[in-house]
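> What follows is a predicted structure for the sequence shown.
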Amino acid sequence: MLPKWEDTYGIPVVSTGVTQIKAMRALGARKIAMLSSHAVYVHVKQTLLAQSDVDVIYLVRGGWRTLDIIETLESDMGVPVLHTVPARVWSTQKSFHVGQRTTGYGRLLAELPDDPC
């Protein structure tokens, strides 16, 4: 559907689901720790103990007010943290060829890795 819209309107088109998948690929994710809305920082440690070989911590649900803990989680846990908002910002920048690195919201926005798709 997105390529059809891009052809029709002549501009890049992004969607939340696609941005998250592209972001996971850009971060090299093969195994993902998924966390529900009631399991944030304290539960991340418990989740990682059970799934110690994950490549990315995926904070499901963009409505969480957890943007302020992404960088701390990455530092403490040693793996990238993916949240829907930074994924959307990263993918939008890639689609429009913008390269504005931003610190404070995790590796994805700080490094702006290439889109592997």
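Here it is on my side, so go on. Numbers count the residues shown, from 1 in each chain.

> looking at the chain, which helix or strand is least sure?
Least confident helix or strand of the chain, by mean pLDDT, DSSP states H and E, is strand 32-35 with a mean of 73.

> quick one: strands adjacent to that one?
Applying DSSP bridges to the sheet, strand 32-35 is found paired with strand 56-59 (parallel).

> And for whichever helix or strand comes after the strand it pairs with, what's in contact with it?
Sequence-wise, the next helix or strand downstream of strand 56-59 (DSSP states H and E) is helix 70-77. Contacts with helix 70-77, where a contact means C-beta atoms under 8 Å, 6 or more residues apart in numbering, come from 41, 44-45, 48, 57, 59, 80-81, 83, 86, 103-107. C-beta here means a position set from N, CA and C on the backbone, and glycine is covered the same way.

> could you flag which of the residues you listed are buried?
Buried members of those, counted by 16 or more other C-beta atoms under 10 Å: Val44, Leu48, Ile57, Leu59, Pro80, Val81, His83, Pro86, Tyr105, Gly106, Arg107.

> Excluding sequence neighbours, find me the nearest residue to the last one.
Spatial nearest neighbour of Arg107, excluding adjacent residues (C-beta to C-beta, 6 or more residues apart in numbering): Pro80 at 4.7 Å.
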